[in-house]
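A predicted structure for the sequence below; I have some questions about it.
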Amino acid sequence: MGSLVMQEFKKQASFFFREKIKTARLALTDVTPVQLLTEEATDGNMLSPSACKMAVISKAAFEVDDYWRIVEILHRRLSKFDTRNWRESYNALVLLDHLLAHGPLRVAEEFQRDQHSIKQMANFQFIDDKRFNWGLSVRKLSERILKLLENESFLKEERSRARKLRIGIKGFGRFNQISSSNDQSFNNNGRFGSQLYFHQKDEEEEDYFWEFKERFPSKKGIKNYSLTPWKVLEDNGEKEHPFCEDEKKDIAESLLS
């Protein structure tokens, strides 16, 4: 029991100091909240980046300054791949896969130069103590990324599929929100509630966005790196952006799907 308490104490202390370091970096350097979030999403954690984190990052990537900060971190993670510290590069691949499907079109062009590093990752071999083949997972993901970078038709198909899925989930979620009030008995027996996930997911992502913002409030005399609120983007659905190219309208709408 004592060892468990000590482990929990060390965990909480570590989290506390990490948060203090983040706050200090925001106050004393030009780092942005999204930059910190990208670093956190692509660190050596055994857990891959969460959907909420990747949603925030992909939407922030449509802001020019945050775009360059995000891709710089990913370039660095991918270039430093090695067999001992492979997890950072793998998490960077997970985030890159999400950005290729949901972020600016410019991402595919930006990461052409990283193909050599990604091909090296395809040769990675590692099976953990629980007999899970991480080498196979890394290889499959790296091969998918390379196909997205090399095959323009495949990239367009994946972006279109991702956009349709977001639109479908949004519509399905709205339907469930309405129908759930008319079928409360079905909800009570535990079989209907899971369908509400699709509607709640957008709300969870937005809650995560504002929670993240609140953790790093701007201070007097410090540059305010606030992101454009999603509701503002929704009101300006056809907002121009230098990275959107021919997808200006579709991407602006898909950001809010």
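Nice, thanks for sending it over. Numbers count the residues shown, from 1 in each chain.

CA atoms for contacts and neighbours, from now on please.
Will do.

can you list the weak-confidence ranges in the stretch 1-150 of the chain?
Along the stretch 1-150 of the chain, the parts satisfying pLDDT under 70 run over 1-30.

where exactly do the helices run in it?
2-28, 33-41, 51-60, 64-79, 86-102, 106-110, 115-121, 134-150 (DSSP state H, counting those that start in this stretch).

Adding mean neighbour count and distance to Arg163, write these out as TSV.
Formatted as TSV, these follow (neighbours: other CA atoms under 10 Å; distance: least, CA to CA, whole Å):
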stretch	mean neighbour count	distance to Arg163
helix 2-28	12	33
helix 33-41	20	23
helix 51-60	21	13
helix 64-79	18	20
helix 86-102	23	8
helix 106-110	16	16
helix 115-121	18	25
helix 134-150	18	16
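
Just send those back as JSON lines, with distance to Lys156 too.
Shown next, in JSON lines, are these (distance: least, CA to CA, whole Å):
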{"stretch": "helix 2-28", "distance to Lys156": "37"}
{"stretch": "helix 33-41", "distance to Lys156": "25"}
{"stretch": "helix 51-60", "distance to Lys156": "17"}
{"stretch": "helix 64-79", "distance to Lys156": "20"}
{"stretch": "helix 86-102", "distance to Lys156": "9"}
{"stretch": "helix 106-110", "distance to Lys156": "11"}
{"stretch": "helix 115-121", "distance to Lys156": "19"}
{"stretch": "helix 134-150", "distance to Lys156": "9"}
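
among these, which is nearest Ile127?
Ile127 sits nearest to helix 134-150 of all the helices of the stretch 1-150 of the chain, at 5.7 Å, using CA to CA.

Run through the neighbouring helices and strands of the closest one.
helix 86-102, helix 106-110, helix 115-121, helix 152-180 (3 or more CA pairs under 8 Å, 6 or more residues apart in numbering; DSSP states H and E).

rerun at 7 Å
helix 115-121 (3 or more CA pairs under 7 Å, 6 or more residues apart in numbering; DSSP states H and E).

dump the residue contacts of Asp128.
If you count contacts by CA atoms under 7 Å, 6 or more residues apart in numbering, Asp128 has none.

check contacts around Arg139.
Arg139 neighbours (CA under 7 Å, 6+ apart): Met121, Ala122, Asn123, Phe124.

domains for the chain, by residue range?
1-30, 31-254 (automatic domain parsing).

Narrow the contacts of Arg139 to those that are buried.
Buried subset of the contacts of Arg139 (neighbour count, 16 or more other CA atoms under 10 Å): Met121, Ala122, Phe124.

Distance check, the nearest residue to the last one once chain neighbours are set aside against Glu63.
When you say that, I think you mean Phe124. In space, and not counting its chain neighbours, Phe124 is closest to Gly135: 5.2 Å by CA to CA, 6 or more residues apart in numbering. With distances taken as CA to CA, to the nearest Å, Gly135 is found 34 Å from Glu63.

try Arg113
22 Å.

ok, those two, which is more surrounded?
Glu63 (16 against 12; other CA atoms under 10 Å).

related to what we said a few turns ago, let's have the buried ones among the contacts of Arg139 in TSV, adding distance to Glu158.
Formatted as TSV, the buried ones among the contacts of Arg139 follow (distance: CA to CA, whole Å):
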residue	distance to Glu158
Met121	22
Ala122	21
Phe124	25
